[in-house]
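K.L.:
build me a model:
(3 chains)
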Amino acid sequence: MLQQQPLTGNGPSNGRGLGVSGHPGMHALNSVHQPSQHRSDGGESGLEGTENGHETRRDIGDILQQIMTITDQSLDEAQAKKHALNCHRMKPALFSVLCEIKEKTGLSMRNTQEEEPQDPQLVRLDNMLLAEGVAGPEKGGGAAAAVSAATSSGGMSPDSSLEHSDYKSKLSQIRSIYHTELEKYEQACTEFTTHVMNLLREQSRTRPVTPREIERMVAIIHRKFSSIQTQLKQSTCEAVMILRSRFLDARRKRRNFSKQATEVLNEYFYSHLSNPYPSEEAKEELAKQCGITVSQVSNWFGNKRIRYKKNIGKFQEEANLYAMKTALGARQGDDSPHTPNSTGTRRRRLLLEPWRPLSFLHRKKSNANGNWQGRASPPSGTSPRTDHSDNSD
DNA sequence: TCTAATGATTTTTA
DNA sequence: TAAAAATCATTAGA
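P.N.:
Here you go, the predicted structure:
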């Protein structure tokens, strides 16, 4: 991504030996303009004691002085001074030393903050978007998952293909928005990074900016942009969740049962009015006959019991109607005990005895208010076809 | 548009 | 834990 190119003609000093100010890097400074390190006088070591050395030291002193005072000058003056310094023969060496000093002081402290572990929340969001089919290859996995979930919970009607395609189109809408936004962020991030890099490279001409520093800056920018991306991912996840909940919320997709199914259920209910609690087997049988799920049968009976109990009078007519039907069916059943019903499956043999609307009131299981508060479950194994005990009491 | 009916869900109860 | 009870959300008919 970022190439480690030396910003100046000289690389950093090798850091060996102590020079002026005790900094190892100054050795480089000394050596640059003193190709010959012979000390013919054999007196003071290093630069001191030589004419050349004195000159160089004055040079460095001058440069440092100029740098120190550059901020006190006017812009024009500083600009001119900057140019002069840039062209100074000592500039590359001085620059590398300053870079080194900077690296070894303030910047080295930041090293510990780098290499943050991957944000677990971001990982979670990524996984979710992938599972929902928003991120990654487009294949409608999320939609399929939602559909299968709905089907397994008994909330999907067979004519759900329309809703399914609706869900898919909405999901792909979310997907396209997500990808557009993501692309925008990535582009902005790249543009901004390039801009900052260019700026720093430009600045490196006048102040000590190392390639490593630029790299760090790039990492900081990427972190900032990635937090924006996290927000985008989060809001996308929320949108998918809302879409999913709407799609899966069966209450919004409620369809009335067919007339035939309601009849089958009512027949069972009124012919078992004394104990309208179908067993699991009975529920399965009813579910099969009605083309609904077992849980829907349970719901139906739950609703029916409570609504019947709350307003017996209102259901009187309906109850009488089914009692007639039951009686009629039973009479026919005398000739042929297992006459196939209208759905083509065999109907249970119904009872001859006329229906007694409030018979359950006199049962032990029920209380005086006419409810089935005893909550006696029907004996296990009873089914619409096998339970003949009801209506006879 | 209003309202009763109805299927589903949630909370409470025994 | 299943059923009762309360509630929600939608459908269908006037």
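K.L.:
now residue A:200: how far from residue A:318?
P.N.:
Distance of residue A:200 to residue A:318, given as CB to CB, to the nearest Å: 84 Å. (C-beta placed from N, C-alpha, C; glycine too.)
K.L.:
and those two? which has more neighbours close in?
P.N.:
residue A:200 (18 against 13; other CB atoms under 10 Å).
K.L.:
that one: which element?
P.N.:
Per DSSP states H and E: residue A:200 is located in helix A:161-203.
K.L.:
near DNA strand C, anything from that helix?
P.N.:
No. If you take CB under 7 Å from any atom of the strand as the test, helix A:161-203 misses DNA strand C, and the best it gets is 10.3 Å.
K.L.:
so for the helix or strand following that helix, what gets flagged as buried?
P.N.:
Reading on from helix A:161-203 to the C-terminus, the next helix or strand found by DSSP H and E is helix A:211-248. Buried positions in helix A:211-248, judged by neighbour count with 16 or more other CB atoms under 10 Å: A:211, A:213-219, A:221, A:225, A:229, A:232-233, A:236-237, A:239-240, A:243-244, A:247-248.
K.L.:
counting by contacts, list what helix A:211-248 packs against.
P.N.:
Applying 3 or more CB pairs under 8 Å, 6 or more residues apart in numbering; DSSP states H and E, one finds that helix A:211-248 contacts helix A:120-132, helix A:141-152, helix A:161-203.
K.L.:
quick one: the longest one near DNA strand B?
P.N.:
No. With CB under 7 Å from any atom of the strand as the criterion, DNA strand B is not reached by helix A:161-203; the gap is at least 14.1 Å.
K.L.:
avg pLDDT for that helix?
P.N.:
What helix A:161-203 shows for mean pLDDT is 82.
K.L.:
what is the orientation angle of that helix with helix A:120-132?
P.N.:
If you take axes from the mean of the first three to the mean of the last three CA atoms, to 10 degrees, helix A:161-203 sits at 140 degrees to helix A:120-132.
K.L.:
can you give me the pLDDT of the residue lying closest to residue A:284 once chain neighbours are set aside?
P.N.:
Spatial nearest neighbour of residue A:284, chain neighbours left out: residue A:294 (5.8 Å); criterion: CB to CB, 6 or more residues apart in numbering. Per-residue pLDDT puts residue A:294 at 91.
K.L.:
quick one: residues contacting residue A:294.
P.N.:
Residue A:294 is in contact with A:154, A:280, A:283-284, A:287, counting by CB atoms under 8 Å, 6 or more residues apart in numbering.
K.L.:
from residue A:254, how far out is residue A:266?
P.N.:
19 Å.
K.L.:
tell me the helix or strand right after the helix or strand harbouring residue A:265.
P.N.:
Assigned by DSSP H and E, residue A:265 falls within helix A:259-271. For helix A:259-271, the following helix or strand on the C-terminal side (DSSP H and E) is helix A:280-290.
K.L.:
I'd like the average pLDDT over that following helix.
P.N.:
For helix A:280-290, the per-residue pLDDT averages 92.
K.L.:
who does it touch, helix- and strand-wise?
P.N.:
helix A:259-271, helix A:294-310.
K.L.:
any chance of the ones you listed in a markdown table with distance to DNA strand C as columns?
P.N.:
A markdown table is the format used below for the helices and strands packed on helix A:280-290 (distance: least, CB to the nearest atom of the strand, whole Å):
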| stretch | distance to DNA strand C |
| --- | --- |
| helix A:259-271 | 9 |
| helix A:294-310 | 4 |
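K.L.:
tell me the mean pLDDT for stretch A:123-139?
P.N.:
77.
K.L.:
and that stretch, which residues are buried?
P.N.:
Applying 16+ other CB under 10 Å to stretch A:123-139 flags A:125-126, A:128-129, A:132-135 as buried.
K.L.:
rewinding a little: among residue A:266 and residue A:254, which residue is more densely surrounded?
P.N.:
residue A:266 (18 against 9).
K.L.:
what residue, apart from its backbone neighbours, is nearest residue A:304 spatially?
P.N.:
residue A:269 (5.5 Å).
K.L.:
thinking that neighbour is in contact with residue A:282, fair?
P.N.:
No. Applying CB atoms under 8 Å, one finds residue A:269 not in contact with residue A:282, separated by 11.3 Å.
K.L.:
in terms of packing, which of these two has more residues around it?
P.N.:
Counted by other CB under 10 Å, residue A:269 and residue A:282 do not tie: residue A:282 has more neighbours, with 25 against 21.
K.L.:
hmm, the more buried one is touching residue A:265, no?
P.N.:
No. Between residue A:282 and residue A:265 there is no contact under CB under 8 Å: 11.1 Å.
K.L.:
quick check: closest non-adjacent residue to residue A:233.
P.N.:
residue A:125 (4.2 Å).
K.L.:
and the one you found, how far from DNA strand B?
P.N.:
Distance from residue A:125 to DNA strand B, counting by CB to the nearest atom of the strand, to the nearest Å: 24 Å.
K.L.:
and stretch A:79-87, what's buried?
P.N.:
A:82, A:85.
K.L.:
contacts for it next, please.
P.N.:
A:63, A:66-67, A:70, A:73, A:91, A:205-206.
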